[in-house]
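*Asks:* what would the 3D arrangement of this be:
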Amino acid sequence: MSRAETPSAVRAPSPLWTFGLLSSELRITFRRWRTLALLGVLAAVPVLVGIAVKIETSDGASFGGGSGGGGQGPAFISQISNNGLFLVFTALAATLPFFLPMAVGVVAGDAIAGEASAGTLRYLLVAPAGRTRLLLAKYATVIAFCLAATLVVAVSALAVGALLFPVGDLVTISGTRITYAEGLGRALLIALVVAASLLGVAALGLFVSTLTGSGIAAMATTVGLLITVQILDQIPQLDAVQPYFFSHYWLSFADLMREPVYWDDLVKNLGLQALYAAVFGAAAWARFTTKDVTS
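*Replies:* The predicted model follows:
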């Protein structure tokens, strides 16, 4: 069904029609050159990191002197030359603070505002979807992009790591040894946690997208808010409110590489993302269902 197509009679949309709306949104989003470019940039990050580590360790020296970083990016990067699977964890740690949420912010910010600026939002609302169903389809599409973007980083890092470095059993942050198969399982679980960590940004971007009719303004605002929160999360004087920032527990996924796994910060992170998704999702619904659409 095309976006401009109108039904001959007003009727409640069937579940099949709703699935068609979602599949249409997915096709449109993932066929855009902008989306493909964002995924291409994300896929290139592990390649650059892997090549940099390979060059740095070509003389047998350890990368970064083996210094730790509390189980976050630096601790992982020092292990890449020993086991290429650590490139997955390093790439996710390197992209999560900015590249991944920026890409999600661009897609989420454009979800509604982009349709308004292109003049297609009115035609979408003529179809028997209803504003709530359309908003849910948009948010589901952004969630799908969160998962796709995270998996692109992980798969790219896995391939580059296996190509440039040895692979096999690996040692966790706690010093215990696990098999390569178990390491792959934890890498997949970490990728899922990272994707879930972006749900708050997705909901925030969708809310911003309902506030304006300019896709560029919505994307810029969402990315600007992301950068602002990241800066505020680094100011020591704000330590009392920092645990409530959506980005505060992002790197807690490193605790999945401990034995036993530390769940406290992981649970806090997922709970915080659910809270942001609920609050800004409700705000987006309240705004979009009462908005006067003229474009």
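
*Asks:* so the nearest residue to residue 200 once chain neighbours are set aside is in which element?
*Replies:* Leaving aside its chain neighbours, residue 200 sits nearest to residue 276 (3.2 Å; criterion: CB to CB, 6 or more residues apart in numbering). (Glycine included, C-beta is placed from N, CA and C.) Take DSSP states H and E as the rule and residue 276 turns out to sit in helix 264-290.

*Asks:* what's the distance between the nearest residue in space to residue 232 that is not next to it in sequence and residue 244?
*Replies:* Counting by CB to CB, 6+ apart, the nearest residue to residue 232 once its immediate chain neighbours are dropped is residue 238, at 5.7 Å. When distances are taken as CB to CB, to the nearest Å, residue 238 and residue 244 turn out to be 10 Å apart.

*Asks:* can you check residue 197 too?
*Replies:* The spacing between residue 197 and residue 244, counted by CB to CB, is 15 Å.

*Asks:* quick one, which of the two is more surrounded?
*Replies:* For residue 197 and residue 244, the more surrounded residue by other CB atoms under 10 Å is residue 197, and the numbers stand at 27 against 10.

*Asks:* distance of the more buried one from residue 21?
*Replies:* If you go by CB to CB, the gap between residue 197 and residue 21 works out to 27 Å.

*Asks:* ditto for residue 277
*Replies:* The gap separating residue 277 from residue 21 is 21 Å, by CB to CB.

*Asks:* neighbour count winner among those two?
*Replies:* Comparing residue 277 with residue 21 by neighbour count (other CB under 10 Å), the higher total belongs to residue 21, at 24 against 21.

*Asks:* wait, doesn't that one sit right on residue 136?
*Replies:* No - counting by CB atoms under 8 Å, residue 21 stays clear of residue 136, with 9.3 Å between them.

*Asks:* list the contacts for the residue lying closest to residue 216 once chain neighbours are set aside?
*Replies:* In space, residue 216 comes closest to residue 117 once its chain neighbours are excluded; the distance is 7.7 Å by CB to CB, 6+ apart. Taking CB atoms under 8 Å, 6 or more residues apart in numbering as the contact definition, residue 117 lies against 213-216, 295.

*Asks:* what do you get if the cut-off is 6 Å, keeping everything else the same?
*Replies:* Residue 117 makes contacts with 213-215, as judged by CB atoms under 6 Å, 6 or more residues apart in numbering.

*Asks:* tabulate the residues you listed (a markdown table), appending distance to residue 83.
*Replies:* Converted to a markdown table, these look like this (distance: CB to CB, whole Å):
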| residue | distance to residue 83 |
| --- | --- |
| 213 | 50 |
| 214 | 47 |
| 215 | 43 |
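
*Asks:* restricted to helices, list the residues you listed.
*Replies:* Those of these mapping onto helices are residue 215, per DSSP state H.

*Asks:* quick one: which of the contacts of residue 117 is nearest to residue 188?
*Replies:* Residue 188 has its nearest neighbour among these in residue 215, at 33.4 Å by CB to CB.

*Asks:* from residue 249, how far out is the closest one?
*Replies:* As it turns out, when the distance is counted by CB to CB, residue 215 lies 30 Å from residue 249.

*Asks:* any stretches of the stretch 51-200 of the chain with poor pLDDT?
*Replies:* Segments of the stretch 51-200 of the chain classed as low confidence (criterion: pLDDT under 70) are 58-75, 119, 122-129.

*Asks:* measure stretch 205-221 end to end?
*Replies:* End-to-end distance of stretch 205-221 (CA to CA, to the nearest Å): 8 Å.

*Asks:* now stretch 244-253
*Replies:* Between the opening and closing residues of stretch 244-253 lies a distance of 17 Å (CA to CA).

*Asks:* contacting residues around it?
*Replies:* Applying CB under 6 Å, 6+ apart, the set of residues contacting stretch 244-253 is 72, 96, 190, 193-194, 197, 200, 229-230, 233, 242, 265-266, 268-269, 276.

*Asks:* and for stretch 42-54?
*Replies:* Outside stretch 42-54, the residues that reach it (CB under 6 Å, 6+ apart) are 63, 80, 87, 91, 95, 149, 152-153, 156-157, 160, 164.

*Asks:* which one of the residues you listed has the most neighbours?
*Replies:* Of those, residue 87 is surrounded by the most neighbours, 33 neighbours in total, counting by other CB under 10 Å.

*Asks:* with adjacent residues omitted, what lies nearest to residue 171?
*Replies:* Distances taken as CB to CB, 6+ apart place residue 177 nearest to residue 171, at 5.4 Å, with adjacent residues excluded.

*Asks:* I meant to write residue 81 there.
*Replies:* Nearest-residue entry for residue 81: residue 57, 4.3 Å, with adjacent residues in sequence omitted and distances by CB to CB, 6+ apart.
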